[in-house]
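Enquirer: here's a sequence, model it:
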Amino acid sequence: MSNLQIFTYEAGAITDAVSQVIRPGAVAIQGGEIISFGDQSQVRREVGSREAVRQLGNYLILPQFVNAHAHLDLTSVGQMSYSGAFVQWLQSVMNARPQTDEALNASMQKGVCASAKAGVGWIGDVVNSPGAIAARSEAKLAGISFLECFGMGMGQEEGCLRLASQLQDLDASANQLGLQPHAPYSAGHQVYQRAVDLAIQFEFRLSTHLAESKMEEQFLVDASGPIVDHLKAIGKWDTSIKASGLHPVDWMKPYLKKAEWLLAHCNYVDDDHIKLIADCGASVAYCPIASDYFGHHHHRYRDMMAAGVNVCLGTDSILCQPRNEFQPLSILAQMRHLYRRDRTSPRVLLELATINGCRALGLDPSLATLQPGVQARMCAVPIDPDNSNDPLAQVLENDYPVRSIGFSETLL
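Expert: Down below sits the predicted model:
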């Protein structure tokens with residue numbers, strides 16, 4: 001390792017979620033690993049004269065981001081408008097999603113490429129087939145692929161058998177696999193229990209969509225509403241599906257207590273639900289742009305953090321992103337949305353976008369920092385050198401795209 005070239009990146013500022021902004025700053029890399037981070041003069045002293053200096057200029061260097069909840073297999077569909085009719089929208093998505101292995105692979109490759117260019121270094125990707133898992137793994141985008149599980153009513157046994165069949169041909173350790181019972185309105189108790197059993201046996205991560213909409217709550221409480229209409233339309237409804245009288249989080253309680261979960265959305269929760277989520281050690285992936293797209297406002301992410309819930313950020317699918325967003329799979333876009341809408345602290349947003357996302361995926365949080373000893377995964381965003389304001393706040397206020405930083409190393 002000592003014979004490898006040292007590369008030092010110097011920029012107008014540098015920071016991560018566990019350090020203050022250093023302005024100007026630098027980071028030194030050797031063998032793909034960060035060996036020094038801090039003030040430019042300090043880094044120069046620490047690495048000596050064997051460095052190749054790359055001047056980035058007026059940029060803020062950041063660790064790459066974690067997209068904790070995504071659907072990369074839908075990338076080729078592109079952004080879609082939403083009229084407020086969820087069932088019709090969902091049917092349009094089902095019709096538009098890639099139907100062949102070739103189309104699926106192309107969509108995944110497009111999503112992986114767009115994510116990498118937008119500074120995403122890790123992802124929690126919800127997938128519907130083993131082919132999507134292989135595509136992410138081959139593209140070397142780090143993170144977890146959550147394999148979706150479905151099955152309602154008398155179709156639950158078939159859903160469990162389908163899951164078992166899919167798992168047979170997967171190398172879970174290589175692909176970093178997780179399981180995702182889709183949601184309480186599309187996967188029944190038997191499917192959730194099977195996923196929990198497999199997760200405990202094979203140390204899979206677990207995720208699910210939960211408390212995403214009022215329609216979901218209506219379905220669980222009294223077995224009525226648009227979701228029932230949708231299940232009937234696609235031939236998945238049967239008379240064994242009964243009302244539970246329970247809010248989605250209460251419905252999930254037996255499974256929350258058995259394993260660690262990454263809960264996508266949680267748009268509609270009360271104080272008792274937040275306490276339960278916190279007590280069970282679950283994480284919540286908040287997708288702010290997607291939530292607003294569907295009209296789910298007033299998310300309680302700050303109340304969740306105050307209660308001790310690990311909250312992180314996701315994009316959801318590209319379908320929900322603005323058509324004028326240059327990097328629609330960017331987590332920085334989610335940060336900017338929250339900063340401008342809620343004036344959320346820039347430091348808090350950086351935590352949500354990096355170390356909290358790693359925790360949610362079961363990864364070491366230090367991976368999404370710039371601390372010495374971690375593998376270098378960095379990105380940069382332009383800042384104004386004449387602006388004395390916090391550089392992190394500057395990148396949340398401006399609209400410059402993220403630039404992923406790549407590097408190469410040669411033997412001396």
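Enquirer: contacts and neighbour counts: CA atoms only from here.
Expert: OK.
Enquirer: domain map for the chain?
Expert: 6-63+369-405, 65-344 (automatic domain parsing).
Enquirer: how far does the shortest one sit from its chain's centre?
Expert: With CA atoms, centre = their mean, to the nearest Å as the basis, domain 6-63+369-405 stands 23 Å off its chain's centre.
Enquirer: just the helices in the stretch 101-250 of the chain please.
Expert: When secondary structure is read from DSSP state H, counting those that start in this stretch, the stretch 101-250 of the chain shows helices at 101-117, 130-139, 156-168, 172-175, 189-202, 214-222, 226-233, 248-256.
Enquirer: TSV please, covering these and showing mean pLDDT, distance to Gly314 and mean neighbour count.
Expert: TSV is the format used below for the helices of the stretch 101-250 of the chain (pLDDT from 0 to 100; distance: least, CA to CA, whole Å; neighbours: other CA atoms under 10 Å):
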stretch	mean pLDDT	distance to Gly314	mean neighbour count
helix 101-117	94	12	19
helix 130-139	85	17	18
helix 156-168	94	25	15
helix 172-175	50	20	14
helix 189-202	96	22	19
helix 214-222	97	20	20
helix 226-233	92	24	16
helix 248-256	98	20	19
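Enquirer: could I get these as CSV with distance to Tyr293?
Expert: Shown next, in CSV, are the helices of the stretch 101-250 of the chain (distance: least, CA to CA, whole Å):
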stretch, distance to Tyr293
helix 101-117, 20
helix 130-139, 26
helix 156-168, 30
helix 172-175, 32
helix 189-202, 28
helix 214-222, 15
helix 226-233, 18
helix 248-256, 21
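Enquirer: thinking again about what came up before, for Glu351, find the nearest of the domains of the chain.
Expert: Nearest to Glu351 among these is domain 6-63+369-405; the distance by CA to CA comes to 5.3 Å.
Enquirer: pLDDT of that closest one, averaged?
Expert: Domain 6-63+369-405 carries an average pLDDT of 94.
Enquirer: start to end distance for it?
Expert: Distance across domain 6-63+369-405, first residue to last, is 15 Å (CA to CA, to the nearest Å).
Enquirer: equivalent analysis for stretch 337-356, please.
Expert: Using CA to CA, the two ends of stretch 337-356 sit 18 Å apart.
Enquirer: and that stretch, what's buried?
Expert: The neighbour-count check on stretch 337-356 (16 or more other CA atoms under 10 Å) flags 337-339, 346-347, 349-356 as buried.
Enquirer: the domains of the chain: which one's closest to Leu361?
Expert: domain 65-344 (6.8 Å).
Enquirer: distance of Val221 relative to Gln190?
Expert: From Val221 to Gln190 the distance is 18 Å (CA to CA).
Enquirer: picking that back up, turn the domains of the chain into a markdown table, columns for distance to Leu361.
Expert: Compiled in a markdown table, the domains of the chain are given as follows (distance: least, CA to CA, whole Å):
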| stretch | distance to Leu361 |
| --- | --- |
| domain 6-63+369-405 | 15 |
| domain 65-344 | 7 |
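Enquirer: for Leu363, find the nearest of those domains.
Expert: Taking CA to CA, domain 65-344 is the member of the domains of the chain nearest to Leu363, at 8.3 Å.
Enquirer: measure the closest one end to end?
Expert: Using CA to CA, the distance between the terminal residues of domain 65-344 is 17 Å.
Enquirer: ok, stretch 41-55 next?
Expert: Span of stretch 41-55 from end to end, CA to CA: 14 Å.
Enquirer: buried residues in it, which are they?
Expert: Buried, per 16+ other CA under 10 Å, within stretch 41-55: Val43, Arg44, Val47, Glu51.
Enquirer: how would you label the second one: helix, strand or coil?
Expert: Secondary structure, DSSP: H, G, I helix; E, B strand; the rest coil: Arg44 is helix.
Enquirer: return the residues in contact with it.
Expert: Shown in contact with Arg44 (CA atoms under 8 Å, 6 or more residues apart in numbering): no residues.
Enquirer: distance of it relative to Pro63?
Expert: Arg44 is 20 Å from Pro63, by CA to CA.
Enquirer: again, but for the first one
Expert: Look at Val43 and Pro63: by CA to CA, they are 17 Å apart.
Enquirer: would you tell me which strand is longest in this structure?
Expert: Ranked by residue count, the top strand of the chain under DSSP state E comes out as strand 51-63.
Enquirer: now tell me what touches that one from outside.
Expert: Contacts of strand 51-63 (CA under 8 Å, 6+ apart): 5-16, 354, 368-370, 377-385, 391-392.
Enquirer: could you turn the buried ones of these into a PyMOL selection?
Expert: To isolate the buried members of these in PyMOL, using 16+ other CA under 10 Å:
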select buried, resi 5+6+7+8+9+10+11+12+13+14+15+16+354+368+369+370+377+378+379+380+381+382+383+391+392
